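>>> Pasting a predicted model and its sequence here:
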Amino acid sequence: MTISGKAFVCFLVAISVCLAAQFAEQAAAVPVLGEESRVSENTNKIQSVEPSSKLEGIDLECFACKAIVEAVNWAWTRNSTEKHIESIIKDACILFKIEDTNVCSTIIPLFASEFFPVVAETALAPENACGFIGVCPNWVNPEAAWNVTLPPKPTQPAPAPAQGKADLRIIHLSDVHFDVDYTVGLSTDCGEPLCCRPPNPVGEPGKQAGPWGDYHCDSPKRLVESALSFIGSLPQDQRPHMVYWTGDIPPHDVWNQSDSQQLQALWDTVGMLEQSLPGVKVFPALGNHESSPVNSFPTPDDPGNPGAWLNDALAKSWARWLPEESLGTVRKYGFYATEPVDGLVVVSLNMNACNNLNWWLLRNQTDPAGELAWLIDTLSDAELKGKRVHILGHIPPGKNDCLPEWSWNFYSIITRFHETISGIFMGHTHKDEFQLFFDTSDMDTPVAVAQIGPSITPFTNLNPGFRLYDIHDGDFTVAESHTFFANLTEANADPTTGPVWKKLFAASEAYGLKDLSAASYNDAALRMLNDTQLMQTYWGNRVKQGPHGPCDEKCVRSTVCGLLTGRSHDKSKCKDLSLAEITAFELSEKLC
């Protein structure tokens, strides 16, 4: 069978961008921000943007991507076979030193086996192929535009619940990235995307995997067990009633994974949670790493339902925490709603419906699996009954990993139902962050804040961490957010004692918040522009006191822009910041 080379390039560049960005040094120079992007602030319409200046690195990457499209087109017009095009891509991977020969030789067939059925019926021009995955910035696909239908507010809404005491406690775990093959003593600088594991050699002095982990590698099992054991031993006044677990279980060895390995990581982590937190309800959200290959999340409408193996396994493993009536949508596409406490509905979304490296979306980007329509119905029902909603997910919608059409529709939903939504909880970035949403009628009034939880994995240059939320009874808003961490350097220096988990900060005290409302977080973000001490406090907390340098003036403006941006490809809140430099910052921060 021959394929459409016009779309196949997405496969190559998705791999190259994912690997290059995923394993880049997260602390490297964080650039700045300046010009306003030309987007419509008051509508859910994305407008084309012409960059005012060229950033050399981005231009070269975009140029290379388009050149690869043309090269594959040339092979396609000559009726090349799948194996031939696989060979072209593998050779390009090796030639351009995207990764070493071993990684290039294994990752290409892994992705090709599932990617060919998609590209066989999909044709993309070079600019569309490279724009879809974010290599060429400021790309808008006019054929992908779509809008959800939002219902009017009810004429007689249910009475708003009164705010009670902060008696409900919720742990937020994210991005465990548990590596069963992590081996103490192996090299941390092996020349591959992920080290500290076979077949890497023993490391040179100063570059050996430590007993409890390494800043350039994923979590050894004992690190995950240590974190969960600490949570399970918290004193009575801090012991959690529930856990929000926002995805990404397997390690970053994306060139060397299989369905069985991904499922083993899932079941192993579920087992650790049950052992350390018996009787505690866990509410999971699906990450982008749970699939094999990574980022591969077909919808139920794709021929043969190739995602059923994962969705069925999720339903089976999550059934210990979720009622049967919530599992139907898990089997459909990994999302669900449940009411664990009277008056509180927990909604868990599959954010891979907006993942720009999920090539299955090349078939159809319009509300994959009907998830947003379902979300609107769920929120409408809660609104009518006077209930409050917590939304869980993995990829924050303001990151450019999230396709703009989906992100902007989601943003409109948050604005419409912000009085019903008491909390939004995300992961993916590995950092301790937040992200703001503003009323779309003026893009000035803050209406919601996404709490972005820190990772357990120390990858890259981070200390492991998690959050504990105090939640008000009644309206279920967040009363306080406590971040806990362990210093990995200290843990490895005294391996018998192991990690010492302790509270790093409480958000209200660290950032001078009157409360944890969107308005208070917005005030803090704006103060960071001129308050050097506040910005450096946030910067250190963001990486859980990992080995990062200080945040300079350019970094400050870039970081604040990210805090104010809850929808992707929209920099309307960053009026004094350069569009090209914003894009550079996003690429340096990108995770896969």
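Nice, thanks for sending it over.

>>> Where does pLDDT dip in the stretch 1-150 of the chain?
The stretch 1-150 of the chain contains residues with pLDDT under 70 at 1-59, 69, 71-73, 75-79, 116-117, 119-124, 137-143.

>>> Recalculate using a threshold of 50.
Scanning the stretch 1-150 of the chain for pLDDT under 50 picks out 1-10, 13-58.

>>> Can you show me the helices along the stretch 101-250 of the chain?
Listed in chain order, the helices of the stretch 101-250 of the chain (DSSP state H, counting those that start in this stretch) span residues 101-119, 126-132, 221-232.

>>> right, so of these, which gets closest to residue 526?
helix 126-132 (32.0 Å; C-beta to C-beta). Just so you know, the C-beta spots here come from the backbone N, C-alpha and C atoms, and that holds for glycine as well.

>>> Sort out which residues of the closest one are buried, please.
Applying a neighbour-count criterion of 16 or more other C-beta atoms under 10 Å, one finds 126, 128, 129, 130, 131, 132 buried in helix 126-132.

>>> And those residues, which is closest to residue 486?
Nearest to residue 486 among those, with distances taken as C-beta to C-beta, is residue 132, at 38.9 Å.

>>> what about the residue lying closest to residue 506 once chain neighbours are set aside, which SS state?
Nearest in space to residue 506, with sequence neighbours left out and distances taken as C-beta to C-beta, 6 or more residues apart in numbering, is residue 482 at 5.2 Å. Following DSSP: H, G, I helix; E, B strand; the rest coil, residue 482 is assigned to strand.

>>> Specify the beta-bridge partners of residue 482.
Residue 482 has these beta-bridge partners by DSSP bridges: residue 468, residue 506.

>>> How about the contacts made by residue 146?
365, 366, 367, 405, 409 (C-beta atoms under 8 Å, 6 or more residues apart in numbering).

>>> Name only those of those that count as buried.
Of the contacts of residue 146, these count as buried by 16+ other C-beta under 10 Å: 365, 367, 405, 409.

>>> from the residues you listed, which ones fall inside helices?
405, 409 (DSSP state H).

>>> picking that back up, closest to residue 312 out of the contacts of residue 146?
Nearest member of those to residue 312, counting by C-beta to C-beta, is residue 367, at 22.6 Å.

>>> where's the closest one relative to residue 332, distance?
13 Å (C-beta to C-beta, to the nearest Å).

>>> What are the boundaries of the strands in the stretch 101-250 of the chain?
Listed in chain order, the strands of the stretch 101-250 of the chain (DSSP state E, counting those that start in this stretch) span 168-173, 242-245.

>>> Okay, now the sheet partners of the shortest one, with direction.
Going back to what we said before, that points to strand 242-245. Strand pairing for strand 242-245, using DSSP bridges, gives strand 168-173 (parallel), strand 281-284 (parallel).

>>> nearest to residue 477, of the ones you listed?
Nearest to residue 477, of those and by C-beta to C-beta, is strand 168-173 at 10.6 Å.

>>> Please tell me how far that closest one is from the chain's geometric centre.
Strand 168-173 has its C-alpha centroid displaced from the chain centroid by 19 Å (C-alpha atoms, centre = their mean, to the nearest Å).

>>> Can you say which two of the buried ones among the contacts of residue 146 are spatially most distant?
Most distant of these, by C-beta to C-beta, are 365 and 409, 10.7 Å apart.

>>> returning to that earlier point: quickly compare the helices of the stretch 101-250 of the chain and say which is most buried.
For those, ranked by mean neighbour count under the definition mean count of other C-beta atoms under 10 Å, the leader is helix 126-132 at a mean of 23.

>>> helices and strands around that one, which ones?
Using 3 or more C-beta pairs under 8 Å, 6 or more residues apart in numbering; DSSP states H and E, the elements in contact with helix 126-132 are helix 5-22, helix 56-77.

>>> Could you export that helix as CSV, keeping only the C-alpha atoms?
Coordinates of the C-alpha atoms in helix 126-132 are reproduced here as CSV (Å, rounded to 0.1, in the frame of the first residue of the first chain):
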residue,chain,number,x,y,z
PRO,A,126,3.6,21.4,4.0
GLU,A,127,2.5,24.5,5.9
ASN,A,128,-0.5,22.6,7.4
ALA,A,129,1.5,19.5,8.3
CYS,A,130,4.1,21.5,10.1
GLY,A,131,1.6,24.0,11.6
PHE,A,132,-0.6,21.2,13.1
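
>>> Once you drop chain neighbours, what's closest to residue 500?
residue 486 (6.1 Å).

>>> before we move on, what about residue 256?
residue 106 (6.0 Å).

>>> so the one you found sits right up against residue 255, yeah?
Yes: between residue 106 and residue 255 there is a contact at 4.9 Å, judged by C-beta atoms under 8 Å.

>>> circling back to that earlier point, can you add distance to residue 542, mean neighbour count and mean pLDDT and give the strands of the stretch 101-250 of the chain back as a markdown table?
Below are these laid out as a markdown table (distance: least, C-beta to C-beta, whole Å; neighbours: other C-beta atoms under 10 Å; pLDDT from 0 to 100):
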| stretch | distance to residue 542 | mean neighbour count | mean pLDDT |
| --- | --- | --- | --- |
| strand 168-173 | 15 | 23 | 98 |
| strand 242-245 | 20 | 24 | 98 |
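
>>> of all those strands, which lies closest to residue 204?
Using C-beta to C-beta, the strands of the stretch 101-250 of the chain put strand 168-173 closest to residue 204, at 33.8 Å.

>>> what angle sits between that closest one and helix 221-232?
Interaxial angle, strand 168-173 versus helix 221-232 (axes from the mean of the first three to the mean of the last three C-alpha atoms, to 10 degrees): 170 degrees.

>>> hang on, the earlier thing: to residue 450, which of the strands paired with strand 242-245 lies closest?
strand 168-173 (11.7 Å).

>>> could you dump the closest one to CSV, C-alpha only?
The C-alpha coordinates for strand 168-173 follow below in CSV (Å, rounded to 0.1, in the frame of the first residue of the first chain):
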residue,chain,number,x,y,z
LEU,A,168,-12.2,18.5,52.8
ARG,A,169,-8.6,17.6,51.9
ILE,A,170,-7.5,16.5,48.4
ILE,A,171,-4.0,15.4,47.3
HIS,A,172,-3.0,16.3,43.8
LEU,A,173,-0.5,13.9,42.2
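
>>> coming back round to it: looking at it, the residue nearest to residue 500 is touching residue 226, isn't it?
Yes: the pair residue 486 / residue 226 is scored as a contact, 7.3 Å apart, by C-beta under 8 Å.

>>> Return every residue with contacts to both of those two.
Listed as contacting both residue 486 and residue 226 by C-beta under 8 Å, 6+ apart are 499, 501.
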